Each structure stands twice: as C-alpha cells, then as structure tokens.
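[1] Just to be clear, the model below is a prediction. Sequence and coordinates:
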Amino acid sequence: MTSKSYISRWHDPHNTLGSQSVNLVAGDIGGTWSRLAWFSQAWQQPRRIAFEHVYRSDAFTDAIHLLRTFFVDAAQSGLPERICLALPGPVDEQRAALTNLDWIVDAQQIATELGLAEVCFVNDFQAAAAGVESLGRADLRVLIPGVPRLGATRVITGAGTGLGVAWMQSDERGNWQVFASEGGHADFAPTDARQCELLHWLARRHGGHVSWERVLSGGGLSALHAFVCGRDPITDEQDIDPARIHELALQGGREAVQAIQLFADVYAAWVGNLAVLYQPRGGLYLAGGMSIHLQDWLIAQRFVELAIAKGRMSALVTQTPVYLVTHGRVGLLGAMHLCTSRAAALGCRPARFSRQ
C-alpha cells in the first residue's frame, strides 16, 4: 500500500469520525439564569471555549431571542454545527414547555429560524448528571463519606428555581446512562409537627397539591419565610426574594434564620429519601444555586443527622456517599459533553434539519 492510498483511506471530509474540530453551542437554561457556551472540539481533543456568558432568563421572550443575542455577543464566524440545550422540565421528543419559565421550546422552529443543522434537547438535571464526570475533588464537599462503590448508581439532585433529580447507571462497557426524572413534583412528606403545619399552610396557598419543589426551591424559601413570619398563605403581600432572606440570615435576622433552617431540615429529609429510593452507592450529589448559597446550613451535623434518620434504613443512608457540588457550571459542563457526543449513549436524541 502506498503512503498516498493510506492517507486517502483515513481522509474524513464529512467529519464522520469526528477527526476535525467543529463549532458547537451548549446551554443550561434555567428558570432564573441561562448559561451558554460557544466551543470547539475534535475527537479525543480538549474542548476550547471561545465565548461563554450568563443571561437573565426572563429578559428574553423565548429561546430563539436568547440564542440570537448570544450569537451576536459571541461574535464568532459562521454558525455552530450543533446546539444542545439543557431545559428545566420534561423533554418530549424535540418540544418542551419549560417549568418555572413561560417558554415553549421547539427544536424544529429553532433550527428553521436560526438556520441550524442540528438541535438537541435534554432535561437540565440529566445534563447536570452528565456533568458530574467533569468534576474534581475541589468541586465537591463531602457531607457523608459513605462506602463508595465503583460503577454503582449515582443520583444528582438540586434546589434552584425548581427542584431537579436525575440518576446515572453504568452499562456493561462502563459507559454512564443518564435518566431524567420529575421527582421534585412528588408529594411533599412532613417529618414533624411543624412541617405538618407547613404542609397545611402550603396546601391553602396552592389550592391542594404540595410538591417537594414548593419547599425546596427559591420560591419555596420565600414561602417558608412567609410561613415563619405567620403570614396568611393567600395574602396579596409579596414574598421576600430568597437572596434577601439569605442576606437577612447572615445579619442574624431571626425569621430568616428559622426559614433557612426549616429549608435545610426538609432538604435533609429529601436527601435521605433519595438514598433509600435509589441506593446510589456511586454517590448522591447536591447541586443547584440554593445548595451552593446555603451550604453553611447543609454541611452542619444537624443536616446529616436528619438525612440518616430513616429508622430501620438509617444504616443504608449512612453507607451512601453524599457530596455537595460547589461548581456552579455543572449543568453547562454536562450539556457540552452531551453536545460533543451527540448524546447517543446518554438519552438525548438530537434532531437534524436541513438548513434553509
């Protein structure tokens, strides 16, 4: 075989083998903030981020408006080969009505209006789970050391604008399969008399069903503060912003401290429930903005004690490694990974469209 024919065999003009660097865009779309990155990557090469920015989600009318603004701000030549968006809420094929954000996102519409060849949607915590692989020890705080098992089930959860949860399982080849869930919308279960009062208070406020997300979210913390202050659940008085409640707590405000402690107590019970439900001996990871901002309450011994207070299953929770994720970009890291791999093994089904 001549050297010329050898080179011809490995020529990859359509980049089928991923041998050429391609421009990609990944986004972690949140109910409050959206983080997007324009990057390039070739097979077995490190990614190169050309531009990254965080936007206030409610500053945009829809995802197309956001992406147009991002493309202008990124000031890159041409269009990306592919975009992957991590979205809050159920991702039904290539269309999604977002939770806690008044957007309906449609892959066909995005591709047509922006002239893109390939668009991929994935659940936001599915992306966060994929992002766990990119974390280092410095990005984690150990809450419960547990007894880790290589290749065992992993779970990631987190309170932010909403409450997300996803899990990961390793296949026979050692590749992680990531599965989305809407477990944050399951029925909230109080663990003491005070939380029973809270449940009835929230049921009046929301007209019936009370989910875990109604407590473990930014809006949940605002509601907890109103509850602690003794306000009527259906009053027209506006709730205090969760960031302001955190500020008041740091200043020693009694009601603010009580509200955050109640939040942490409920969060601990939720974590213990996930440990019993999934038995994630590969690790249970707490992500999300609320987890990062309120970490002083989550690393406390009280949090650990309440998490493992599961009666006959307490030993099972004790054996579960529990980590607090301090890296604020884990969702974006996962979205970039899914965008690069086309998510074939991770449950994200990209849709291809012809450019107009």
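    Alright, I've got the coordinates. Residues are numbered from 1 along each chain as shown.

[2] quick one: the residue most central in space within the chain and Ala335, what's the gap?
    The centroid of the chain falls nearest to Phe125 when counting by CA atoms, centre = their mean (3.6 Å). Remark: distance between Phe125 and Ala335 (CB to CB, to the nearest Å) = 11 Å. In short, each C-beta sits where N, CA and C put it, glycine included.

[3] now swap in Leu221 and tell me
    With CB to CB as the criterion, Leu221 and Ala335 are 26 Å apart.

[4] Please say which of the two ends up with more neighbours.
    For Leu221 and Ala335, the more surrounded residue by other CB atoms under 10 Å is Ala335, and the numbers stand at 35 against 27.

[5] host element of the more buried one?
    helix 330-341 (DSSP states H and E).

[6] tell me what that helix is packed against?
    The contact analysis (3 or more CB pairs under 8 Å, 6 or more residues apart in numbering; DSSP states H and E) places helix 330-341 against strand 22-29, strand 33-41, strand 82-87, strand 118-123, helix 124-131.

[7] so what secondary structure elements neighbour the third one?
    Contacts defined by 3+ CB pairs under 8 Å, 6+ apart place strand 82-87 against strand 22-29, strand 118-123, helix 124-131, helix 330-341.

[8] repeat for the first one
    Here strand 22-29 touches strand 33-41, helix 63-74, strand 82-87, helix 124-131, helix 330-341, going by 3+ CB pairs under 8 Å, 6+ apart.

[9] Convert the C-alpha atoms of the first one to PDB, please.
    What follows is the C-alpha trace of strand 33-41 in PDB, where atoms were taken according to Å, rounded to 0.1, in the frame of the first residue of the first chain:
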ATOM      1  CA  TRP A  33     -30.400  32.200  34.800                       C
ATOM      2  CA  SER A  34     -29.300  30.800  31.400                       C
ATOM      3  CA  ARG A  35     -25.600  30.000  30.800                       C
ATOM      4  CA  LEU A  36     -24.400  29.400  27.200                       C
ATOM      5  CA  ALA A  37     -21.000  28.500  25.700                       C
ATOM      6  CA  TRP A  38     -19.700  28.500  22.200                       C
ATOM      7  CA  PHE A  39     -16.900  26.000  21.900                       C
ATOM      8  CA  SER A  40     -15.000  23.800  19.500                       C
ATOM      9  CA  GLN A  41     -13.800  20.200  19.900                       C
END
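
[10] Would you mark the buried spots in the helix or strand following it?
    Next in sequence after strand 33-41, counting helices and strands by DSSP H and E, comes strand 48-56. For strand 48-56, the neighbour count (16 or more other CB atoms under 10 Å) marks 52, 55 as buried.

[11] Equivalent analysis for stretch 228-247, please.
    In terms of neighbour count (16+ other CB under 10 Å), stretch 228-247 has its buried residues at 228, 239-240, 242, 245-246.

[12] where do the helices sit along the chain?
    Under the criterion DSSP state H, the chain contains helices at 3-9, 63-74, 107-114, 124-131, 193-206, 218-228, 242-250, 254-278, 289-293, 295-298, 301-307, 314-318, 330-341.

[13] got CSV for those, with mean pLDDT and distance to Ala152 too?
    Listed next are these as CSV, based on pLDDT from 0 to 100; distance: least, CB to CB, whole Å:
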stretch, mean pLDDT, distance to Ala152
helix 3-9, 43, 42
helix 63-74, 96, 36
helix 107-114, 93, 34
helix 124-131, 92, 14
helix 193-206, 97, 31
helix 218-228, 96, 30
helix 242-250, 96, 34
helix 254-278, 98, 10
helix 289-293, 93, 22
helix 295-298, 96, 23
helix 301-307, 97, 18
helix 314-318, 97, 13
helix 330-341, 90, 19
